[in-house]
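J.: Pasting the sequence and the predicted coordinates here, then a few questions.
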Amino acid sequence: MRRSLVVVSATAAFFLGCFTNHAYADRQPRMRDALSHLESALADLRAANSDKGGHRVKAINLTEQAIASVRDGIQFDNRH
């Protein structure tokens, strides 16, 4: 009886551990995709020539703020 309880407990712990790792690995895929797209957009904005009447610089600043907000959101969700 005791041995079967140990086996059942170990099996349950294994499957719960796999589920937890899988759930953590799949956390926030859309936020991570958005972060990747924002970082790509920021690189494109920085590579563009500078004559845009100040709009390029404003877009760079707003994109940097968006990146920071997405990172903050990811960190918040990871803690809660």
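T.: Here it is on my side, so go on. Numbers count the residues shown, from 1 in each chain.
J.: If you drop the residues flanking it in sequence, what lies closest to residue 48?
T.: The shortest distance from residue 48 to any residue other than its chain neighbours is 5.8 Å, reached at residue 56 (Cβ to Cβ, 6 or more residues apart in numbering). Yep, even glycine has a C-beta here, placed from its N, CA and C like the rest.
J.: Does that neighbour belong to a helix, a strand or coil?
T.: Under DSSP: H, G, I helix; E, B strand; the rest coil, residue 56 falls in the helix class.
J.: can you pull the pLDDT of it?
T.: pLDDT recorded at residue 56 is 96.
J.: how much space between residue 71 and residue 34?
T.: From residue 71 across to residue 34, the span is 10 Å (Cβ to Cβ, to the nearest Å).
J.: Likewise for residue 53?
T.: 27 Å.
J.: Which one of those two is surrounded by more residues?
T.: residue 34 (16 against 7; other Cβ atoms under 10 Å).
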